[in-house]
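Novice: Model the following, please.
(chains A, B and C)
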Amino acid sequence: MPELPEVETVARGLQGSVAGRRILSVTLRKTDFIDDPAAIERELPGRQIARVERFGKFMLLRLASKNDALDAAAEDRAATSNVVRPEAIAEALLVHLGMTGNLAPHHAEQPLAKHTHVTFVLDDGRELRYTDPRRFGRMAYLAGEMLATELMRFGAEPLLVTAGEFARRIRGSRARIKALLLDQRVLRGVGNIYADESLWSAEIHPAKPGASLKLAEAETLLRALQKILRKAIRMRGSSISDFVDADGMEGDYQQHHKVYGREGEKCFRCGARIRRIIVAGRSSHFCPVCQRAPRRKSGSRAAALQKPRGVSGMRRKMKRLGRGLTSKR
DNA sequence: CTCGATCCCTGGACGC
DNA sequence: TGCGTCCAGGGATCGA
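Specialist: The predicted structure is shown next:
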């Protein structure tokens, strides 16, 4: 399932293989995952793909402006900047791979794979094809204000966000940390695998409320997440279902998963059996020993089992965390 | 604000 | 071999 490292891998592959190519024509088949199919049929033919970037779990196929040739100098400037300049993303095709999406170039003679819903004929004899059996993906042509507005819905880039900003976003919410990591308005790009892996690394229980994390815990979690994401990118992502990149290659990071998909197996750190529970509506894999359950609520039972609690002071935890809010917005 | 439930969708795993 | 059933999961949406 494509998350940040997988999408980054695909985007890099496409940047190398189709950037600079011109789209000659478009063929749509199933379109129920496309925002505005007519817009794609109307706007894409004749357009040049200037660059392919990742934005959270989205790929952004930036289109060269209609008339001008690619301005190499301008492209270089934009590529080395962390700031997304509005004029540099005036028009783009957004592609979200969902669970089973795949976007990759093929020779035109190659037979269409099953579930091929979109075909972009390129100017070099190849076709950029989008396949997606489950159609949980999404595709949209967006320009100008519409594009800017859409991108503003998302939170910070996990690899760029500062520890302070991350801590502010996490600790300002009472939602559980797992839910916060998956919330694309908080961070863009983190999915179930890397959320579980980073929580295990940081030894934080997935059901722990974000507001209950110490500042140091939040920093540890971010560093763990970033380290894992970088390593996963280096290994071209995780291929757990049938993920392959734009070259048809599988990733290798699934071999390094510590908890994801390891229910019942031994924790690499302490030997306890990895458990799987549902948090935020998603499977959450964790070590019940390394990642202690938060007190109160259903977690109280586990806490009581592990530590017979002091006799009387059963609920001295009235701290109430003075509502650090002011998180604006 | 946060939660759970529900829906979308298909292939793969599993049981008989 | 061939069903039928359950499940996975990102994200939108809705009611609580």
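
Novice: From here on, just use CA atoms for contacts and neighbour counts.
Specialist: OK.

Novice: Please, where are all the helices along chain A?
Specialist: Secondary structure of chain A by DSSP state H: the helices cover A:4-17, A:37-43, A:72-79, A:144-152, A:163-171, A:177-182, A:192-202, A:215-234, A:299-306.

Novice: Which of these sits closest to DNA strand C?
Specialist: helix A:192-202 (4.4 Å; C-alpha to the nearest atom of the strand).

Novice: what angle separates that closest one from helix A:215-234?
Specialist: Between the axes of helix A:192-202 and helix A:215-234, defined by axes from the mean of the first three to the mean of the last three C-alpha atoms, to 10 degrees, the angle is 130 degrees.

Novice: From the rest of the structure, what touches helix A:192-202?
Specialist: The contact list for helix A:192-202, computed with C-alpha atoms under 8 Å, 6 or more residues apart in numbering, reads A:3, A:178, A:181-182, A:205-206, A:217, A:220-221, A:224-225, A:228-229, A:257-260, A:282-287, A:290-291.

Novice: how about the residues of chain A near DNA strand C?
Specialist: A:1, A:3, A:57, A:98-99, A:134, A:136, A:182-184, A:189, A:191-193, A:282-283 (C-alpha under 7 Å from any atom of the strand).

Novice: PyMOL command for the buried members of the residues you listed?
Specialist: The following PyMOL line selects those of the residues of chain A next to DNA strand C that are buried, judged by 16 or more other C-alpha atoms under 10 Å:
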select buried, chain A and resi 1+3+57+98+99+182+183+184+189+191+192+193+283
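
Novice: ok so, going back, got a markdown table for the helices of chain A, with distance to A:Leu24 too?
Specialist: Listed next are the helices of chain A as a markdown table, based on distance: least, C-alpha to C-alpha, whole Å:
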| stretch | distance to A:Leu24 |
| --- | --- |
| helix A:4-17 | 16 |
| helix A:37-43 | 11 |
| helix A:72-79 | 22 |
| helix A:144-152 | 23 |
| helix A:163-171 | 43 |
| helix A:177-182 | 38 |
| helix A:192-202 | 37 |
| helix A:215-234 | 32 |
| helix A:299-306 | 58 |
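
Novice: Compare those and report which one is nearest to DNA strand B.
Specialist: With C-alpha to the nearest atom of the strand as the criterion, DNA strand B lies closest to helix A:177-182 of these, at 5.7 Å.

Novice: Residues of the stretch 201-329 of chain A that sit close to DNA strand B?
Specialist: Residues of the stretch 201-329 of chain A lying near DNA strand B (C-alpha under 7 Å from any atom of the strand): A:Pro209, A:Val279, A:Ala280, A:Gly281, A:Arg329.

Novice: picking up where we left off before, would CSV of the helices of chain A with mean pLDDT and distance to A:Glu91 be doable?
Specialist: What follows is the helices of chain A, written out as CSV (pLDDT from 0 to 100; distance: least, C-alpha to C-alpha, whole Å):
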stretch, mean pLDDT, distance to A:Glu91
helix A:4-17, 92, 16
helix A:37-43, 94, 10
helix A:72-79, 56, 14
helix A:144-152, 90, 6
helix A:163-171, 93, 29
helix A:177-182, 93, 27
helix A:192-202, 92, 30
helix A:215-234, 93, 27
helix A:299-306, 38, 48
